[in-house]
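1. Return atomic coordinates for the entry below.
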Amino acid sequence: MNIRILFACVALAAPLAHAHVTLEQTSASAGTYQKLTFRVGHGCKGSPTHTLSVTLPAGVEGAKPMPKAGWTLSGTAKQLTWKGGPLADAHFDEFAMQVKLPATAGKYYFKVSQLCDEGRLDWDAIPDASGARPASPAPVLDILPAAAGAPHH
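-> Predicted structure coming up:
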């Protein structure tokens, strides 16, 4: 096997070993409606996931969750929860919603709780001023200033 191919395979597999709950989208325009897709890459120390709750940051409104077969939905104006599954530790899945983004640009952090048959993981840490990546980072969306003349519906 070519050594370059081996290194490329290792580099691609490394993020999977430390998978977190992440957002598929890394940025979006202020004041728009946006589909957000939360990716769950593993369970809790080998245990399957049965509940995922996403708390919306201040300014993010109007969440409409996408239903998933085998999961029930519940929620409030600030938190959506999927219960069911289960999602085995050996698999990943995506949980989606549509939201209205705030008009103010900046980094917005979505706190996520992942409950498993044995244990839970809270993806709620926000980086401090040093910029060091926390052990259990909250998914983040970088909201960019809206382009001049862009529609906001």
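2. Phi, psi for S130 please.
-> Note on S130: its backbone torsions stand at phi -70, psi -20 [degrees, to the nearest 10].
3. show me the contacts for it.
-> Listed by CB atoms under 8 Å, 6 or more residues apart in numbering, S130 has no contact partners. All C-beta spots, glycine's among them, are computed from the backbone N, C-alpha and C.
4. Pull the contacting residues for the residue lying closest to F110 once chain neighbours are set aside.
-> Of all residues not flanking F110 in the chain, P139 sits nearest, at 4.8 Å (CB to CB, 6 or more residues apart in numbering). Shown in contact with P139 (CB under 8 Å, 6+ apart): 20-23, 38, 109-110, 112, 123.
5. Those residues in strands, which ones?
-> 22-23, 38, 109, 112, 123 (DSSP state E).
6. give me the low-pLDDT residue ranges for this protein?
-> For the chain, the stretches with pLDDT under 70 are 1-19, 149-153.
7. give me that answer again for 50
-> Within the chain, the segments meeting pLDDT under 50 span 1-18.
8. Which residue ranges of it form helices?
-> 3-17 (DSSP state H).
9. ok, and the most crowded of the contacts of P139?
-> V21 (26 neighbours; other CB atoms under 10 Å).
10. I figured G62 hits K100, correct?
-> Yes - using CB atoms under 8 Å, G62 is in contact with K100, at 4.3 Å.
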